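In: with the input below, show me the fold.
(chains A and B)
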Protein chains: 2
Amino acid sequence: MDHEESGKLCPRVQAAFELLSKKWTGLILHQLLEGECSFSDLERAVPALSSRMLALRIKELEAAGLVRRTVAAGPPIRVTYRLTEKGRALEPAMRGIEEWAQAWT
Amino acid sequence: MDHEESGKLCPRVQAAFELLSKKWTGLILHQLLEGECSFSDLERAVPALSSRMLALRIKELEAAGLVRRTVAAGPPIRVTYRLTEKGRALEPAMRGIEEWAQAWT
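Out: Numbers count the residues shown, from 1 in each chain, chains lettered A, B, ... in the order given. As a prediction, the model looks like this:
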């Protein structure tokens, strides 16, 4: 990648790092990598996280196009969350940072 | 990685993402991946960045153990910056996020 290209890419890379640097976002994405989750599945997976904060994080991930919310007609109405293709595509990069953090920090 | 492990790793991964989400940090690390740089080399490589901000970013990277400053006795005294082993180890993870940002954002 030449300098001009990396200059154009820079704000987008930075935005990706900003999103992933938010508290709990990594753990939520990890849980969703295992498959579709309900809100309660996610609450159970990250017990230290309040429902309010979990709802906020999910909204951020939806806004970034990484998570898709699905409502299945009930009764009972069932709301589930799953990664989009864009969200799943983050997996190798996330693992890369995790491996680095595990080895070096 | 089981849940307990990923819970322990989470704050360290988050800290790594926070560091890398700072404006210009990615471009500075990129330049240093090419090899040792003087302050002016870095200024030339990232022209939009003020000297004050560049000095701050370098100090953050030194504090994180990613960059090492070397002073060679002069005259003229020559100050150079290079990546530590920990800094170089970030390369594949950074490339991973860049490839994702390029493909998906």
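In: and the pLDDT at A:L9?
Out: Looking at A:L9, its pLDDT reads 71.
In: same thing with the one 3 residues further on?
Out: The predicted local distance difference test score for A:R12 is 85.
In: same check, this time on A:A45
Out: In this model, A:A45 carries a pLDDT of 88.
In: alongside chain B, which residues does chain A contribute?
Out: Within chain A, the positions near chain B by Cβ under 8 Å from any Cβ of the partner chain are A:1, A:3, A:6-7, A:9-10, A:12-18, A:20-24, A:26-27, A:30, A:45, A:86, A:89-90, A:92-93, A:96-105. Just so you know, the C-beta spots here come from the backbone N, C-alpha and C atoms, and that holds for glycine as well.
In: for the spatially most central residue of chain A, what are its contacts?
Out: Most central in chain A under Cα atoms, centre = their mean is A:L29, positioned 3.7 Å from the mean C-alpha point. Each residue near A:L29 by Cβ atoms under 8 Å, 6 or more residues apart in numbering or on different chains is listed here: A:L20, A:L61, A:L66, A:L83, A:G87, A:L90, A:M94.
In: and for the fourth one, the neighbour number?
Out: Spelled out, it's A:L83. Using other Cβ atoms under 10 Å in any protein chain shown, A:L83 is surrounded by 21 other residues.
In: what about it, distance to A:E34?
Out: Distance of A:L83 to A:E34, computed by Cβ to Cβ, to the nearest Å: 10 Å.
In: the last one too?
Out: Using Cβ to Cβ, one gets 13 Å for the distance from A:M94 to A:E34.
In: out of those two, which sits in the more crowded spot?
Out: Using other Cβ under 10 Å, the more surrounded residue of A:M94 and A:E34 is A:M94, with 21 against 10.
In: and the pLDDT for that one?
Out: 88.
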